[in-house]
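Coordinates only, no sequence provided:
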């Protein structure tokens, strides 16, 4: 198993859907501008760089092209991870809907991002197209909220191994929506990051990964994860509820 960062093709990116909605995948005689004209495309962000700051206002919408970003809040002076943003996924929608970011967001690893300037885009759109974009973003926000609800359910799992299994399965589903394998993927976060997100001790995460491996439910090599039997892992995640 090769250990490498996750990269999503442009056609599987969330922002590509905006271009399709507007018919702005490329310039045309009837539309002398394209989505790319308002996009800072695939710019490099070094690991640990803070991209968004809580309570900050911003006209930008981001999508991860390569790598991973993480949302977090500070609790008693310590960082608590609230969500991960994988390749192909949008973030920053909360700032557009609520006029400010709810969380800090930083690059979990060296990453490439695309950034859409919605203020500039709005100047070029008529009312109908602007409404279409707003509806799409609202739908994306709804899907994101549903995803958060799914991940919040992880915290209700009483058994640490079950909680971890649910987390990994949900990661696979998110990758699958971007045209990537659901049962074999690169794990970008550290054991400490997973512990922060799941509300577990680091030692518990390490022990739980080891147990899932010994049960034959996971294959782990460095940061590459594979599910030999996804159905069995899913059954395990649903047990002891």
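Good, I have the coordinates. From a predicted model like this one, the values you see are computed outputs, not experimental measurements.

Can you spell out the domain ranges of the protein, please?
Here the domain assignment for the chain is 10-152, 157-238, based on automatic domain parsing.

Lowest mean pLDDT across those domains, which one is that?
Note on the domains of the chain: domain 10-152 shows the lowest mean pLDDT, a mean of 76.

Turn the domains of the chain into a markdown table, including mean neighbour count.
Glycine gets a C-beta too; all of them are placed from N, C-alpha and C. Listed next are those as a markdown table, based on neighbours: other C-beta atoms under 10 Å:
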| stretch | mean neighbour count |
| --- | --- |
| domain 10-152 | 16 |
| domain 157-238 | 17 |
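
Quick one: residues contacting residue 54.
By C-beta atoms under 8 Å, 6 or more residues apart in numbering, the contact set of residue 54 is 73, 100-104.

and it, which of the three is it?
For residue 54, the assignment made with DSSP: H, G, I helix; E, B strand; the rest coil gives coil.

Could you check how far it is from residue 74?
Remark: distance between residue 54 and residue 74 (C-beta to C-beta, to the nearest Å) = 8 Å.

one step back: which one of the contacts of residue 54 sits closest to residue 50?
Nearest to residue 50 out of the contacts of residue 54 is residue 104 (C-beta to C-beta; 6.3 Å).

Give me the distance between that closest one and residue 44.
20 Å.

and if you look at residue 169?
Relative to residue 44, residue 169 is positioned 31 Å away (C-beta to C-beta).

Just confirm residue 83 is within a strand.
Yes. Judged by three-state DSSP, residue 83 forms part of a strand.

mind checking how far the spatially most central residue of the chain is from residue 176?
The residue lying closest to the centre of the chain (C-alpha atoms, centre = their mean) is residue 85, at 2.2 Å. To residue 176, residue 85 is 16 Å away according to C-beta to C-beta.

now swap in residue 193 and tell me
Distance of residue 193 to residue 176, given as C-beta to C-beta: 22 Å.

same thing with residue 220?
On the measure of C-beta to C-beta, residue 220 and residue 176 end up 20 Å apart.

Residue 167 now?
Using C-beta to C-beta, residue 167 is found at 15 Å from residue 176.

With residue 162 instead?
From residue 162 to residue 176 the distance is 21 Å (C-beta to C-beta).

Kindly report the same for residue 63.
From residue 63 to residue 176 the distance is 17 Å (C-beta to C-beta).

before we move on, what about residue 197?
Separation of residue 197 from residue 176 (C-beta to C-beta) stands at 20 Å.

Could you do residue 107 as well?
Residue 107 sits 23 Å away from residue 176, going by C-beta to C-beta.

Residue 47 too?
Taking C-beta to C-beta as the measure, residue 47 falls 26 Å from residue 176.

Assign a three-state SS to the residue lying closest to residue 83 once chain neighbours are set aside, would you?
In space, and not counting its chain neighbours, residue 83 is closest to residue 71: 4.6 Å by C-beta to C-beta, 6 or more residues apart in numbering. Classification of residue 71 by three-state DSSP places it in strand.
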